[in-house]
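Participant: Sequence first, predicted coordinates after that:
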Amino acid sequence: MPDYDLIAILGPTASGKTPFAAALAYELNTEIISADSRQIYRGMDLGTGKDLADYTVNGRTIPYHLIDIAEPGYKYNVFEYQRDFLISYESIKQKGCLPVLCGGTGMYLESVLKGYKLMPVPENPELRARLANHSLEELTEILSQYKALHNSTDVDTVKRAIRAIEIEEYYAANPVPEREFPELNSLIIGVDIDRELRREKITRRLKQRLDEGMVDEVRRLIEQGIAPDDLIYYGLEYKYLTLYVIGKLTYEEMFSGLEIAIHQFAKRQMTWFRGMERRGFTIHWVSAGLPMEEKIAFVKEKLEGN
C-alpha cells in the first residue's frame, strides 16, 4: 500500500469538487486545506462560491483551512500560500490524519504538490509605469514570452497581468534561494465534468448566487471602504459585479460578460491541469457524474495502490 502524505482533489469551477472532498474527509476522518486564491478573503463569500454548507456532512462539520484568512483588498500571493499551507498541513499530520487538499487554483496546487521554491517579490514602480498603458492583450503577449511558471488562469485584469510580469522580471534578475519545502507523496484526483454539464452548472450557479445577494455583497464591501479597483483586481465575479455597481455596465452586460468569463476560466483551469500532466503529475480522473459512494470507493482503491 503506497504511503501517501496528501490527497489532492482538483477540478474546474462547478465540478462538485468541494462536496466530494468533504465527503471523503468525513469518510477518512480528516480535514481539508483549500487551494482557492479568492476564498481566502473574509466577506467575499457568494462571489467566490464558498458554499460553506458543503463542509457539513451527515451533521458533522469537516474542519477546513485557508478559507477566510485575509482581509478583502489585501494582495495575498503564492509565497504566503506555501507558508500557510505548511502550517495547516503540519497541524493535520500531528493529529495522525491524512490531509485533503481541495481547489481549482492551479498555481497554488502546483506550488505545494511540487514544492516550488518561491520568494516574496517587491513592487517595481518603474516597471509598472512602463507597462501602465498596455492593453490586457499586449500584457498577456509579454507574459507568454517568459519560460517560467505563471498563473495564466488568473490573468484577467491589467493589474494582475502587470503583477505577473513584475514577478517574472524579479525571478529573472534574482536567483531563487533554496527554500525548504517537503517533498510530498500525493495522490491527485481530478474531477472530470462533461463540458455541456459544466456550462449548464456554471449558469445555474451564477443565477442562484445572484438571487442570494451577490450584488449586495459587493456593495457592502465597497461601503466598508474596499476600493472598487481592488475588487476588480480579483477578477471574474468581483470585476463584473463591481463594474455594474459603479455604473459602468448594465445588469444584462454584467450577466452575459460574467457568464462568458466564468466559462473561459473553467476552460483555462482544465488547460492548466492538462499541463500539469505534461509536467509529470499523475492525475487520476473520476467522472463528476458518478454517485458519491463510487467516487469515494475510487479514491480508497487508489490509496490501497490499485
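Facilitator: Thanks, I have the structure now. Residues are numbered from 1 along each chain as shown.
Participant: Now Trp285, what are its backbone angles?
Facilitator: Trp285 adopts backbone torsions of phi -90, psi 140, taken as degrees, to the nearest 10.
Participant: That one and Ile193 touch, don't they?
Facilitator: No - using Cβ atoms under 8 Å, Trp285 is not in contact with Ile193; the gap is 10.2 Å. Heads up, the C-betas are built off the backbone N, CA and C, glycines and all.
Participant: The two - which one has more neighbours?
Facilitator: Neighbour count, other Cβ atoms under 10 Å: between Trp285 and Ile193, Ile193 has more, with 22 against 14.
Participant: quick one, what contacts the more buried one?
Facilitator: 11-12, 14-16, 201, 287-289 (Cβ atoms under 8 Å, 6 or more residues apart in numbering).
Participant: Dump those to CSV, plus secondary structure, pLDDT and neighbour count.
Facilitator: Below are these laid out as CSV (DSSP: H, G, I helix; E, B strand; the rest coil; pLDDT from 0 to 100; neighbours: other Cβ atoms under 10 Å):
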residue, secondary structure, pLDDT, neighbour count
Gly11, coil, 98, 28
Pro12, coil, 97, 27
Ala14, coil, 95, 24
Ser15, coil, 97, 23
Gly16, coil, 97, 18
Lys201, helix, 97, 18
Ser287, strand, 98, 12
Ala288, coil, 97, 21
Gly289, coil, 96, 12
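Participant: Turn those into JSON lines, columns for distance to Gly59.
Facilitator: Formatted as JSON lines, the contacts of Ile193 follow (distance: Cβ to Cβ, whole Å):
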{"residue": "Gly11", "distance to Gly59": "26"}
{"residue": "Pro12", "distance to Gly59": "30"}
{"residue": "Ala14", "distance to Gly59": "26"}
{"residue": "Ser15", "distance to Gly59": "25"}
{"residue": "Gly16", "distance to Gly59": "20"}
{"residue": "Lys201", "distance to Gly59": "26"}
{"residue": "Ser287", "distance to Gly59": "28"}
{"residue": "Ala288", "distance to Gly59": "25"}
{"residue": "Gly289", "distance to Gly59": "26"}
